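Enquirer: Show me how the following folds:
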Amino acid sequence: MTTAKLDPFTTAGDMLRALAGRRVSAVELLELHVVRIARHDGTLNAIVTRDFERARRQAEAADTARARGEEGPLLGLPMTLKESINVTGLRTTVGVPEWSRFVSDHDAPATTRVRKAGAVIVGKTNVPPVLADWQADNPIFGRTVNPWDPARTPGGSTGGGAAALAAGLTPLEVGSDIGGSIRVPAAFCGVYGHKPSETALPRSGQFPYPPMPNAAVAMGVQGPLARSAEDLELALDVLAGPDTGEDTAWRLELPAARHTRLAEFRIAVLPPIDWLSVDGEITTSLDRLAAGLASAGATVKRAQPEILGDLRRHHALYRMLLAAVTSARLPEEERQRRIEIWKTRDDEFGQASLRGLRAGAAEYIGYFGQREQFRAAFRAFFREWDVLLAPITLGPAFPHVPKPYPPDAKSLHDTLEVGGRNVLYDLQLVYPGVATLAGQPATAFPVGLTRAGLPIGLQAIGPYLEDRTPIRFAGLVAREIGGFTPPPRFA
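Expert: Below you'll find the predicted structure:
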């Protein structure tokens, strides 16, 4: 195999097999991607920080290592990281003008682990300001567009990474997720994304902060995006493990997937949420998949942990904890300003966010006590079921919505049209939050296209620290109905 014949949409696993078989060199593979970035990224604006010269040196070193007989899980594979993840010598701005000149003097744990595995880091991908949107548009780098339709968002906050994957500019990406920031862009761009169990991977190393963990920061995780479920597991094996300090004694041994055939899976399908609209093509795709799984011999039934109820209490708690966690990044003056603008939202979930912004230490600890009730309920639920199948988005990728930074009161009242109804923009948090609040692993995977030719994605939520189970499920689904397909403009 040569770069002239190598399909840029080849999976990361197949690229690594080509490298191991000497059918392509790491230098050739890197140049294939550099050429595609030069050709296509002017349109996409996905890989906003490029590190080509260092990448070439890394690729040469990988080829030399292979010639000596050395091996590595990612040896010679080009890949990208989300802009928020620290890489020594590169900027970390998270799209905020105040941090536009910050250059990291350290690698994040995720960076260290992919480097140790032999990966060639090509650059970093675009995000919204402070990772707080389902778009990838900021005052520093501008807007990333969806490779399926440039008039639409690729999702966020790992929007640049999902767009780059779908367009064949990178075979692997590391992102992060606290409000669907891996899973939503995966769904919008037709690729795969895995939100790991909350403690399975290091959570430190993002933002222009000191390179230390913060155990008080709950729910947010880092994880992989790829063009196949198998590539998600490949990356998971490299990235998984304890955070800085805990690695003195702790080891992580993720169990094997519960099953190897779809017919063996016990699949719960999340019942519809009666107060939240979902696009009809997504619900139809969910129902069609559920019927196909039942026909394949799987046990399939509408079910959920009883404690979820109509999800109002669950979502309110998630909003409170999310607001408390994310506001800790803000200067006190900005936090107070946001308290004032959230006072303009009198709906129950807007008020929940307001309570989270105002929360003190006692309230924050109380949120964790309530959270444990949901974690216990999920533990019990997954003794009977293997995965919980659900939407991850309310609809397919939506047209770009300009958002001010910092947000103002008007932007908190933005809506999207979903199923013929106007829905508050931030209710896109609901389906991501089903897995996030309790720290469950969840894999987003493609299931086809809308009539307008936009990707449709769903999520498989799995048992805590059994990340291989939802990933394997997504891979088995791909064998039955097909997985990633390239967007026509880039194929």
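
Enquirer: Read off the pLDDT value for the closest residue to Val87 other than its chain neighbours.
Expert: Distance criterion Cβ to Cβ, 6 or more residues apart in numbering; nearest residue to Val87, sequence neighbours excluded, is Thr111 at 5.2 Å. C-betas here are computed from N, CA, C, even on glycine. Looking at Thr111, its pLDDT stands at 98.

Enquirer: same thing with Pro488?
Expert: So Pro488 comes in at 97 (pLDDT).

Enquirer: Equivalent analysis for Asp386, please.
Expert: pLDDT recorded at Asp386 is 99.

Enquirer: I'd like to know how far it sits from Asn126.
Expert: Taking Cβ to Cβ, to the nearest Å as the measure, Asp386 falls 35 Å from Asn126.

Enquirer: ok, those two, which is more surrounded?
Expert: A count of neighbours by other Cβ atoms under 10 Å puts Asn126 above the other of Asp386 and Asn126, at 31 against 23.

Enquirer: Now do the contacts for the closest residue to the more buried one other than its chain neighbours.
Expert: Excluding its sequence neighbours, the residue lying closest to Asn126 (Cβ to Cβ, 6+ apart) is Gly160, at 3.1 Å. Residues near Gly160 by Cβ atoms under 8 Å, 6 or more residues apart in numbering: 45-48, 82-83, 125-127, 136, 144, 154.

Enquirer: With respect to Gly395, which of the residues you listed is nearest?
Expert: When those are compared for distance to Gly395 (Cβ to Cβ), Pro154 wins out at 14.5 Å.

Enquirer: sorry, back to before: local confidence estimate at the residue nearest to Asn126?
Expert: On the pLDDT scale, Gly160 is placed at 99.

Enquirer: Confirm the residue nearest to Val87 sits in a helix?
Expert: Yes. Counting by DSSP: H, G, I helix; E, B strand; the rest coil, Thr111 is found in a helix.

Enquirer: Quick check: it touching Pro202?
Expert: No. In this structure Thr111 lies outside contact range of Pro202 using Cβ atoms under 8 Å: 10.2 Å.

Enquirer: Please name the spatially closest residue to the residue nearest to the spatial centre of the chain (chain neighbours excluded).
Expert: Relative to the mean C-alpha position of the chain, the nearest C-alpha, by Cα atoms, centre = their mean, is the one of Ile182, at 1.0 Å. Of all residues beyond its chain neighbours, the one nearest Ile182 is Gly193 (4.1 Å), with distances taken as Cβ to Cβ, 6+ apart.

Enquirer: Outside of the helix or strand in which the one you found is found itself, list whatever touches it.
Expert: Element membership of Gly193 [criterion: DSSP states H and E] is strand 192-195. Contacts with strand 192-195, where a contact means Cβ under 8 Å, 6+ apart, come from 158, 162, 175, 177, 182-183, 185-187, 221, 223-229, 231-232, 236, 435-436, 441-446, 467, 470-471, 474, 483-484.

Enquirer: List the strands paired with that strand, with their directions.
Expert: On the basis of DSSP bridges, the sheet neighbours of strand 192-195 come out as strand 221-226 (antiparallel), strand 442-449 (antiparallel).

Enquirer: Let me have these in CSV, extended by mean neighbour count and mean pLDDT.
Expert: Below are those laid out as CSV (neighbours: other Cβ atoms under 10 Å; pLDDT from 0 to 100):
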stretch, mean neighbour count, mean pLDDT
strand 221-226, 28, 98
strand 442-449, 26, 98
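
Enquirer: quick one: which of those strands is nearest Thr344?
Expert: The minimum distance between Thr344 and those falls on strand 221-226, with 31.1 Å, by Cβ to Cβ.

Enquirer: Just give me how far the strand holding Gly193 sits from the chain centre.
Expert: Its chain's average C-alpha position is 5 Å from that of strand 192-195, according to Cα atoms, centre = their mean, to the nearest Å.

Enquirer: and if you look at stretch 392-405?
Expert: Centroid separation between stretch 392-405 and its chain, computed with Cα atoms, centre = their mean, is 16 Å.

Enquirer: Could you tell me the end-to-end distance of it?
Expert: 25 Å (Cα to Cα, to the nearest Å).

Enquirer: and that stretch, which residues are buried?
Expert: By 16 or more other Cβ atoms under 10 Å, the buried positions in stretch 392-405 come out as 392-398, 400, 403, 405.

Enquirer: cool, and stretch 47-60?
Expert: Within stretch 47-60, the residues scored as buried using 16+ other Cβ under 10 Å are 47-51, 54-56, 58-60.

Enquirer: Out of these, name the ones that lie in helices.
Expert: The helices, defined by DSSP state H, take in 54-56, 58-60 from the buried residues of stretch 47-60.

Enquirer: Please identify the helix or strand for Gly395.
Expert: Using DSSP H and E, Gly395 sits in no helix or strand.
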